[in-house]
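Peer 1: dropping a prediction and its sequence here:
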Amino acid sequence: MDAREYLEILHVAERLKDTPRHCTTTKRRTESVAEHSWRISLMAFLLRHEFKDIDINKVV
């Protein structure tokens, strides 16, 4: 990948911060797609030792 392609990925990720999900948090707040993705990635990273057959690089 060249620098322009990396920047495009970062621009897409930036837009996810302003994209609301259809579900709400336990405190009834609408979270963004970026917030949800970050939390799921963190959960996958923390649980990686429990699922040894999973390629964590593909999950995260």
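Peer 2: On my side now, so go ahead.

Peer 1: rest of the way, CA atoms for contacts and neighbours
Peer 2: Will do.

Peer 1: what does Asp18 show for phi and psi?
Peer 2: Backbone geometry at Asp18, expressed as degrees, to the nearest 10, gives phi -100, psi 10.

Peer 1: tell me the centre residue of this structure?
Peer 2: Ser37 (2.3 Å; C-alpha atoms, centre = their mean).

Peer 1: can you give the distance from the host helix or strand of it to the centre of its chain?
Peer 2: In the assignment (DSSP states H and E), Ser37 maps to helix 33-46. Distance of helix 33-46 from its chain centroid, counting by C-alpha atoms, centre = their mean, to the nearest Å, is 5 Å.

Peer 1: check stretch 7-26 too.
Peer 2: 9 Å.

Peer 1: quick one: list the elements packing against the helix or strand where Glu14 lies.
Peer 2: Following DSSP H and E, one finds Glu14 within helix 3-16. Counting contacts by 3 or more C-alpha pairs under 8 Å, 6 or more residues apart in numbering; DSSP states H and E, helix 3-16 packs against helix 33-46.

Peer 1: tell me the contacts of Ser32?
Peer 2: Taking C-alpha atoms under 8 Å, 6 or more residues apart in numbering, we find Ser32 in contact with Leu16, Lys17, Asp18, Thr19, Pro20, Arg21.

Peer 1: just the pLDDT at Ile56, thanks.
Peer 2: If you check Ile56, the pLDDT there is 88.

Peer 1: now do the contacts for it.
Peer 2: Contacts of Ile56 were listed using C-alpha under 8 Å, 6+ apart, and they are Ala44, Phe45, Arg48.

Peer 1: in ChimeraX, select just the buried ones from the residues you listed.
Peer 2: Selecting the buried subset of these in ChimeraX, with 16 or more other C-alpha atoms under 10 Å as the burial test, is done by:
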select :44
